[in-house]
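A.B. asks: Here's a sequence, model it:
(chains A, B, C and D)
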There are 2 protein chains.
Amino acid sequence: MESKATAPEEITGMAKAPRTDWDPYAGGCPSREVLDRIGDKWTVLVLGELAESGSKRYTALRRKLDGVSEKMLTQTLRALERDGLIRRTVHPEIPPRVEYELTALGTTLREPLVALTNWSTRHMDEVLEARAAYDREKDAAAEG
Amino acid sequence: MESKATAPEEITGMAKAPRTDWDPYAGGCPSREVLDRIGDKWTVLVLGELAESGSKRYTALRRKLDGVSEKMLTQTLRALERDGLIRRTVHPEIPPRVEYELTALGTTLREPLVALTNWSTRHMDEVLEARAAYDREKDAAAEG
DNA sequence: CGGGATCCCGTGGGATACTG
DNA sequence: CAGTATCCCACGGGATCCCG
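C.D. replies: Residues are numbered from 1 along each chain as shown, chains lettered A, B, ... in the order given. Down below sits the predicted model:
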């Protein structure tokens, strides 16, 4: 599970320049990795929730994200922490308490992400309708 | 916008109202599906490319999206077409020519998506640095 | 040229059980 | 409470061949 296999250095030395021209369309480009990470099942929801609530505990997140397993929540949180998007704070108490919140970097992701979730709720009706229309046409073609 | 799809009743009754309060945090909510779709490996890149270029042929898309297989490109395009985000136009010629472009609905997705890809390229350096720092710490802890 | 149909493998991710 | 450790299956997704 622990592999630093694709160290950035080996990717054509891209990571040396201070200002770079990352191209997500190019295979192996780290900026594509970021899109992929955002793409995984829980990342957007975790970030969205932390953006809204400011700070949240592990269990509270688990309750909020309907259907997430402990494994996936932990895994997602770790990945986000590693990427510098969230901060994990352990309070040495009994019982233990762990708080998660966005970092400054993570906060910069807030706008695009909120825009995205807003889009998904705002245009859901149209998407649903488009699907129904597409399926109707397809079914009609299948019978003719 | 004023479209009330007749379909969504089967979804646990949460879709009764025309103006709905889709909640991506709730399991089984269609708006979560949309986030999931955006999350798959090629969707964002396809939409981004069509947004930039206006219209593109199958093969041109294939060349642009480094590493995509025919199967995945086709599959992604079909899904996007079904969701009403892109339009597929077949020109009855020999050899065949097929053009893809954003629909009006798809265009509304452009802003949030562009914002997202911009973020990924703009903050790549910081993410990479955060990763390196995280790994260094972890390694140090492992040796002590 | 623009796909559809198959085959097949890696891994994303859920269920369950255990620990500090 | 907040995780880690396994097991295991479904499916995402690549490779290959074929077809109008």
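A.B. asks: use CA for all of it now, contacts and neighbours both
C.D. replies: Will do.
A.B. asks: can you give me the helices for chain A?
C.D. replies: Along chain A, counting by DSSP state H, helices occupy A:30-39, A:43-53, A:58-64, A:70-82, A:104-108, A:110-122, A:124-143.
A.B. asks: Need the ones you listed in TSV (columns: distance to chain B, mean neighbour count and mean pLDDT).
C.D. replies: Putting the helices of chain A into TSV (distance: least, CA to the nearest CA, whole Å; neighbours: other CA atoms under 10 Å in any protein chain shown; pLDDT from 0 to 100) gives the following:
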stretch	distance to chain B	mean neighbour count	mean pLDDT
helix A:30-39	3	21	87
helix A:43-53	7	20	94
helix A:58-64	7	15	97
helix A:70-82	5	17	97
helix A:104-108	8	16	97
helix A:110-122	5	19	90
helix A:124-143	5	16	89
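A.B. asks: could I get those helices as CSV with distance to DNA strand D?
C.D. replies: Listed next are those as CSV, based on distance: least, CA to the nearest atom of the strand, whole Å:
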stretch, distance to DNA strand D
helix A:30-39, 8
helix A:43-53, 13
helix A:58-64, 4
helix A:70-82, 5
helix A:104-108, 18
helix A:110-122, 19
helix A:124-143, 16
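A.B. asks: Pick out the residue closest to the middle of chain A.
C.D. replies: A:T43 (2.7 Å; CA atoms, centre = their mean).
A.B. asks: Can you check the pLDDT for the residue of chain A found nearest DNA strand C?
C.D. replies: In chain A, no residue comes nearer to DNA strand C than A:K41, which is 4.2 Å away by CA to the nearest atom of the strand. Looking at A:K41, its pLDDT is 92.
A.B. asks: What's the separation between it and B:W22?
C.D. replies: 17 Å (CA to CA, to the nearest Å).
A.B. asks: A:R110 too?
C.D. replies: 19 Å.
A.B. asks: now A:C29
C.D. replies: Relative to B:W22, A:C29 is positioned 34 Å away (CA to CA).
A.B. asks: between the two, who's got more neighbours?
C.D. replies: Neighbours per residue, other CA atoms under 10 Å in any protein chain shown: of A:C29 and B:W22, the larger number sits with B:W22, 20 against 17.
A.B. asks: which ones are touching the closest residue in space to that one that isn't next to it in sequence?
C.D. replies: Spatially, and ignoring its direct neighbours in sequence, B:W22 is nearest to A:T121 (5.4 Å; CA to CA, 6 or more residues apart in numbering or on different chains). Going by CA atoms under 8 Å, 6 or more residues apart in numbering or on different chains, A:T121 touches B:21-24, B:31.
A.B. asks: Least confident of these?
C.D. replies: Out of the contacts of A:T121, that is B:D21, at 83.
A.B. asks: Without its sequence neighbours, what residue ends up closest to that one?
C.D. replies: Nearest residue to B:D21 in three dimensions, chain neighbours excluded: A:T121, at 7.3 Å (CA to CA, 6+ apart).
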